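Asks: here's my sequence, what's the structure:
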Amino acid sequence: MPSFSNRFLPRHLVILAIALIVPVLASCNKQTGEAKAGQAAADASVPVEAVPVTRRSISASYSGTATLEPESEAQVAAKISGVLLKLMVEEGDQVKSGQVLAKLDDENPRLNLAKAEASLRKLENDYRRSNEMFERKLLSVEQNDKIRYDLETQRATWELAKLELSYTQITAPISGVISRRLVKVGNYIQLNQALFQIDNFDPLLAVLNVPERELNTLRADQVVRLRVDSIPEQAFDGRIQRISPVVDAATGTFRVTCEFRDASARLKSGMFGRLEITYAQHENVPTIPRAALIEEDGETAVFVVQSGAAAAAAEKDAAKAASAAADKPVAADNKAEPGKDAPPIPAWVAKRRVVNVGYGDANYVEVLDGLAEGDRVITLGRSAVRDGTAVQVLEGVQ
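Replies: Numbering: from 1, shown residues only. Presented below is the predicted three-dimensional model:
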């Protein structure tokens, strides 16, 4: 029968094996715990999109909306009554000032003119004979003057009859486009009845009511860009025609009148337009998306993506500086409970940073202070983070 010492390993070899196995097991347990802690930290991170500070040109502009209206418009009214015999133009036709648009029945005015002209010729002959007799002392001054006054009255009557005959031809008072025809052939037209509406589309005007704060930034002849919903593929350039020097006390706004001359004639009166007036531009300046801005507590801020280790180091440095300023020792880190490891440091954290911004457009703003080129700001998911929140970073699209 074998002895005990032959069936079992010597005691010192068993102790040696245990001494070698225990550190390996401890190391495995530590790595497993770190992996679990890292995974837990990743699971607790908030997914966000971030973009870097980049340089680009940025414009300062004012945007508003307005309805297009003609520079001048006129309703063409009849100056005499009569039957409408003929229409010379139709809606949409371009007309010039003085152009004949329609004709009324002119039989009665023509007869009145002929009658007035005959009376005028008679009185002219009477006055000529009266002058001859007056020179021969055969006619008194009173009689000669009476014939002269009768002649002048009849001449005025003839002029009036001629004018009324001309009123049977309806003419355009301004140049423009026939926007409305209000009568038909055969209608009996009353005195002062409207027949046509003429709009002058060259130029078209857009009137903006601009807040008082923009009074010193806008001026005449600045370029204005217009877009309308019915022609989305094209932008129309115009200019500021005039600026009202008076601020409306009730609304706190002033009137800015912009004009647009469209050679293609695609713009029409009554169209609703979106206008943008660019009054300054900065080239190659640091910018961030407008979506990254946070307006709260009277400050403009952003959330910057920062390395977790760098953020922790910055906090420690800040604590040391504060303690040194207060002449107190730095307090020990008591975040970890006794017998437990300190919580893991996340890869990325969100840090709130106050910024000073300058010019801005619809999508981007200029950064004057608070950010460095290359800093990444959170654009999507910023409402779910706070200062120091662990984040998972997805690169946003600039």
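Asks: going forward, measure contacts and count neighbours with C-alpha atoms only.
Replies: Noted.
Asks: how about the residue nearest to residue 301 when sequence neighbours are not counted, phi and psi?
Replies: Nearest in space to residue 301, with sequence neighbours left out and distances taken as C-alpha to C-alpha, 6 or more residues apart in numbering, is residue 354 at 4.1 Å. The phi/psi pair for residue 354 (degrees, to the nearest 10) reads phi -80, psi 140.
Asks: so what pLDDT did the residue nearest to the spatial centre of the chain get?
Replies: In the chain, the residue lying closest to the centroid (C-alpha atoms, centre = their mean) is residue 63, at 2.8 Å. If you check residue 63, the pLDDT there is 90.
Asks: quick one: contacts for it?
Replies: Counting by C-alpha atoms under 8 Å, 6 or more residues apart in numbering, residue 63 touches 274-277.
Asks: among those, which ones are in strands?
Replies: 274-277 (DSSP state E).
Asks: out of the residues you listed, give me the one that has the most neighbours.
Replies: Most neighbours among the ones in strands among the contacts of residue 63, by other C-alpha atoms under 10 Å: residue 275, with 23 neighbours.
Asks: so where's the protein shaky on pLDDT?
Replies: The model of the chain has pLDDT under 70 over residues 1-44, 310-344, 396-398.
Asks: so it: which segments form each domain?
Replies: The record's domain split for the chain, according to automatic domain parsing, is 44-56+285-326+344-395, 61-69+201-284, 106-167.
Asks: now distance to residue 97 too, for these, in a markdown table please.
Replies: Output for these, formatted as a markdown table (distance: least, C-alpha to C-alpha, whole Å):
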| stretch | distance to residue 97 |
| --- | --- |
| domain 44-56+285-326+344-395 | 44 |
| domain 61-69+201-284 | 14 |
| domain 106-167 | 15 |
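Asks: which residues in the stretch 1-150 of the chain form strands?
Replies: Ranges of strands in the stretch 1-150 of the chain, per DSSP state E, counting those that start in this stretch, are 46-52, 54-77, 82-87, 94-95, 100-104.
Asks: number of residues surrounding the residue nearest to residue 301?
Replies: 16.
Asks: looking at the domains of the chain, which is nearest to residue 179?
Replies: The closest of the domains of the chain to residue 179 is domain 61-69+201-284. By C-alpha to C-alpha, the value is 9.4 Å.
Asks: return the helix or strand where residue 350 lies as CSV; C-alpha atoms alone will do.
Replies: Taking DSSP states H and E as the definition, residue 350 sits inside strand 348-354. Extracted C-alpha coordinates of strand 348-354, given in CSV (Å, rounded to 0.1, in the frame of the first residue of the first chain):
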residue,chain,number,x,y,z
TRP,A,348,-17.4,62.2,-22.9
VAL,A,349,-19.4,64.7,-20.9
ALA,A,350,-21.5,67.8,-21.7
LYS,A,351,-20.2,71.1,-20.2
ARG,A,352,-22.3,74.2,-20.3
ARG,A,353,-20.5,77.3,-21.5
VAL,A,354,-21.6,80.9,-21.8
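Asks: packing partners of that strand?
Replies: strand 299-307, helix 308-326, strand 391-395 (3 or more C-alpha pairs under 8 Å, 6 or more residues apart in numbering; DSSP states H and E).
Asks: at 6 Å what do you get?
Replies: Applying 3 or more C-alpha pairs under 6 Å, 6 or more residues apart in numbering; DSSP states H and E, one finds that strand 348-354 makes contact with strand 299-307.
Asks: what residues does the strand it packs on touch?
Replies: Under the contact criterion C-alpha atoms under 6 Å, 6 or more residues apart in numbering, strand 299-307 has outside partners 292-294, 347-355, 376-378.
Asks: could you do stretch 160-178 as well?
Replies: 91-104, 106, 109, 113, 197-200.
Asks: that one: end-to-end distance?
Replies: Start and end residues of stretch 160-178 are separated by 29 Å (C-alpha to C-alpha, to the nearest Å).
Asks: on that earlier part again, from the rest of the structure, what touches the strand holding residue 350?
Replies: Taking C-alpha under 6 Å, 6+ apart as the rule, strand 348-354 contacts 300-308, 387-391.
Asks: tell me the angle of that strand relative to strand 299-307?
Replies: 160 degrees (axes from the mean of the first three to the mean of the last three C-alpha atoms, to 10 degrees).
Asks: any buried residues in strand 348-354, and which?
Replies: 348-352, 354 (16 or more other C-alpha atoms under 10 Å).
Asks: can you name the next helix or strand after it?
Replies: Counting by DSSP H and E, the next helix or strand C-terminal to strand 348-354 is strand 356-360.
Asks: I'd like to know which elements that following strand is packed against.
Replies: In terms of contacts (3+ C-alpha pairs under 6 Å, 6+ apart), strand 356-360 is packed against strand 364-369.
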